[in-house]
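**Q** all I have is the shape, not the residue letters:
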């Protein structure tokens, strides 16, 4: 046991060395300029004419780039913009305002910051280098060491794998690939995978680790690589659910019903080929739960330690993607507690296994997760988050908790009581920890899906009862089928997603190096366009109505975005287009379906148009 434990820890340390956070490979002149300015500043990233600086004491990141009308503040030839959303800068802390003042003074006093060495055409230097997903690969290696020589899949297992394959193909043919993030943010995450959006690094390094390599391999169409990898991960969910159920002792039909339910859910199909962190969190969480279920009930066996090492590595990769995955991660190791065997033995195995999983997460990702908490995201947004206690009164939630307690009373055992308590806590957690304020029905429904590993585990334990198996399997299959028509409404694409897909179609028609100006922000609305690498975005805000489109170097385009159809953006677009000769290149009429419930368009239809700017 000691030998395998030592090997497990060594594997974790090695994985940590593979993915250790790297200092940005910026030009030495940039670091020297920052040192002359103030030793309290840290260099975060240098990329495409942008330098990101951090002031740890003020808990603030600031972007420095060439001065423009879009700069939050100008100082000499430099423009400074704090990273984050600050509706009223005057109400920010004195430390943050002093940080911006200090950087502005440095820029005016010493204009030698070599931004041109990070401009377009130079080698990108993102916050963390884009590397293969070593944690996932190490998890696969650990499972191969544990089971590779003796793996003999049964017909039932092959059927489950076949269901996963059919599910992946059917989802791709039915939904294709698209964006999922609300408020037009989907393309920004593709840019994050490419290392082109340092502002999103505050969420964690996991997204570029998972998708960066394939995004760069398919640089002409980076979305396709991201969507393909996401689809493969999502296709693993049904067979993983089957595996968890069977390892926990559920009957064949109960396990098949759980796998089929995962395959038939339209929202999971919609999520499967997107950039959404909900999808990656669910897929990696389910795979980690399956690895926990595979752990042999013998602590001295490598088939106990190696699967748990794999579970810890998969869970760590999920946590590195986005803090939204953190609440559901607590329930991933439940198979360790509810597996077959005496209750006392399962408690001991669960304690050992949970300790190893937590150790793997801490060794491989502790510094990265701590950086999220210390960064702008953790310091600005997390303190303001709270549990959604208003949802505790939900009739469905209360009925579900009451049913779980009734089940515990019926079984009259410690295992039954633990099952009921775990079920009640899981139901409460998936309702109370949705911190996104329900921007739209699809996003609101996606958060509970991240708790699917816990739900599968709980149903599987109930499915161990022979008397309950037929009725439970019937209810699961019938419920999955009856829910399909209702959930299809969650797959409708909002306007900003359709708009981004339209621009993705137009990308091959743009000349290399073309600049595309468009209104990207108006009020609280955002419309990020999927333009990367070869094409330069010229995003404008609602304060840029006086910007002269003719000042853009040729070849230049103007895209009339969906924000032009909003009350806040309409006047800005009208001012931008005034006195400019615009030649239509392509246009499309889109249904007015806001991705944020508090947003609205002026009519029932939104027309988006790509224009060539004529001199």
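**A** Here it is on my side, so go on. Everything numeric here is computed off the predicted structure, so don't read it as measured data. Residues are numbered from 1 along each chain as shown.

**Q** show me this structure divided up by domain.
**A** Domain segmentation of the chain under automatic domain parsing yields 28-118, 155-387+433-491, 495-614.

**Q** residue 142: which of those is closest?
**A** domain 155-387+433-491 (4.2 Å; CB to CB). For every residue, glycine as well, the C-beta is placed using N, CA and C.

**Q** and that closest one, average pLDDT?
**A** Per-region confidence: domain 155-387+433-491 scores 89 on mean pLDDT.

**Q** numbering from 87 from now on, please.
**A** Happy to do that; since the first residue is 87 now, the last one works out to domain 241-473+519-577.

**Q** that domain: end-to-end distance?
**A** Using CA to CA, to the nearest Å, one end of domain 241-473+519-577 lies 34 Å from the other.

**Q** phi first, then psi, for residue 602.
**A** Residue 602 adopts backbone torsions of phi -120, psi 110, taken as degrees, to the nearest 10.

**Q** my guess is it meets residue 645, correct?
**A** Yes. The pair residue 602 / residue 645 is scored as a contact, 5.6 Å apart, by CB atoms under 8 Å.

**Q** the helices in the stretch 387-536 of the chain, which residues?
**A** Per DSSP state H, counting those that start in this stretch, the stretch 387-536 of the chain carries helices over the ranges 388-407, 412-415, 421-424, 429-460, 462-466, 481-497, 500-518, 527-535.

**Q** the fourth one: how far from the chain's middle?
**A** It refers to helix 429-460. Chain-centre distance of helix 429-460: 21 Å, with CA atoms, centre = their mean, to the nearest Å.

**Q** for that helix, packing partners?
**A** Other helices and strands packing on helix 429-460, by 3 or more CB pairs under 8 Å, 6 or more residues apart in numbering; DSSP states H and E, are helix 88-104, helix 363-380, helix 388-407, helix 421-424, helix 500-518.

**Q** joint contacts of residue 602 and residue 645?
**A** Common neighbours of residue 602 and residue 645 are listed as 615, 696 (criterion: CB atoms under 8 Å, 6 or more residues apart in numbering).

**Q** what secondary structure does residue 604 sit in?
**A** strand (DSSP: H, G, I helix; E, B strand; the rest coil).

**Q** what's the spacing between it and residue 128?
**A** Taking CB to CB, to the nearest Å as the measure, residue 604 and residue 128 are separated by 33 Å.

**Q** neighbour count winner among those two?
**A** More crowded of residue 604 and residue 128, by other CB atoms under 10 Å: residue 604, with 26 against 14.

**Q** which residues touch the more buried one?
**A** Counted by CB under 8 Å, 6+ apart, residue 604 has contacts 613, 615, 623-626, 644-647.

**Q** where are the low-confidence patches of the stretch 537-686 of the chain?
**A** By pLDDT under 70, the low-scoring segments of the stretch 537-686 of the chain are 619-622, 628-629.

**Q** quick one: the helices in it, in order.
**A** Applying DSSP H, counting those that start in this stretch to the stretch 537-686 of the chain gives helices spanning 538-548, 555-574, 581-592, 656-663.

**Q** quick one: the shortest one to chain centroid distance?
**A** Distance, stretch centre to chain centre, for helix 656-663: 34 Å (CA atoms, centre = their mean).

**Q** repeat for the longest one
**A** Put simply, helix 555-574 sits 28 Å off its chain's centre (CA atoms, centre = their mean).

**Q** not counting that helix itself, show me its contacts.
**A** With CB under 8 Å, 6+ apart, helix 555-574 has contacts from 336-337, 339-340, 342-344, 346-347, 350-353, 531, 545, 548-549.

**Q** out of those residues, name the ones that lie in helices.
**A** Secondary structure defined by DSSP state H assigns 339-340, 342-344, 346-347, 350, 352-353, 531, 545, 548 of the contacts of helix 555-574 to helices.

**Q** and residue 653, what does it touch?
**A** Going by CB under 8 Å, 6+ apart, residue 653 touches 686, 688.

**Q** ok, it to residue 608 distance?
**A** 9 Å.

**Q** same question, residue 281
**A** Counting by CB to CB - residue 281 and residue 608 are separated by 28 Å.

**Q** check residue 643 too.
**A** Counting by CB to CB, the gap from residue 643 to residue 608 is 19 Å.

**Q** can you check residue 540 too?
**A** Where residue 608 is concerned, residue 540 sits at a distance of 40 Å (CB to CB).

**Q** cool, and residue 398?
**A** The value you get for residue 398 to residue 608, if CB to CB is used, is 44 Å.

**Q** what about these two, which has more around it?
**A** Comparing residue 398 with residue 608 by other CB under 10 Å, the one with more neighbours is residue 398, at 35 against 25.

**Q** give the burial count for the closest residue to that one other than its chain neighbours, as a bare number.
**A** Spatial nearest neighbour of residue 398, chain neighbours left out: residue 446 (2.6 Å); criterion: CB to CB, 6 or more residues apart in numbering. Using other CB under 10 Å, residue 446 is surrounded by 29 other residues.

**Q** was I right about residue 446 contacting residue 403?
**A** No. Under the criterion of CB under 8 Å, residue 446 is not in contact with residue 403, lying 10.7 Å apart.

**Q** so who does the residue nearest the centre of the chain touch?
**A** The centroid of the chain falls nearest to residue 363 when counting by CA atoms, centre = their mean (2.2 Å). Residues near residue 363 by CB under 8 Å, 6+ apart: 275, 289, 293, 407-408, 410-411.

**Q** now residue 394
**A** The contact partners of residue 394, by CB under 8 Å, 6+ apart, come to 94, 377-378, 381, 422, 439, 442-443, 446.

**Q** check residue 605 too.
**A** Residue 605 sits next to 613, 625-628, 647, 649-650, 655, 658-659, 662 when contact means CB under 8 Å, 6+ apart.

**Q** picking up where we left off before, and the contacts of residue 394, which two are furthest apart?
**A** Across these, no pair lies farther apart than 94 and 422, at 15.4 Å, counting by CB to CB.

**Q** more neighbours: these two, which one.
**A** The neighbour comparison of residue 94 against residue 422 (other CB under 10 Å) goes to residue 422, with 26 against 22.

**Q** and the gap between the more buried one and residue 394?
**A** 8 Å.

**Q** and for these two, which residues touch both?
**A** Both residue 422 and residue 394 are in contact with 378, 381, 439, where contact means CB under 8 Å, 6+ apart.

**Q** nearest to residue 116 among those residues?
**A** Closest approach to residue 116 among these (CB to CB): residue 378, at 45.4 Å.

**Q** how about the contacts made by that closest one?
**A** Here residue 378 is in contact with 393-394, 397, 418-422, 439, 443 (CB under 8 Å, 6+ apart).

**Q** sorry, back to before: for the closest residue to the residue nearest to the centre of the chain other than its chain neighbours, which residues are in contact?
**A** Excluding the flanking residues, the one nearest residue 363 by CB to CB, 6+ apart is residue 408, at 3.8 Å. Residues counted as contacts of residue 408 (CB under 8 Å, 6+ apart) are 289-290, 292-293, 363, 367.

**Q** do residue 185 as well
**A** Applying CB under 8 Å, 6+ apart to residue 185 gives the contacts 141, 144, 146, 148.

**Q** what's opposite the first one in the beta bridge?
**A** With DSSP bridges as the criterion, residue 141 is bridged to residue 146.
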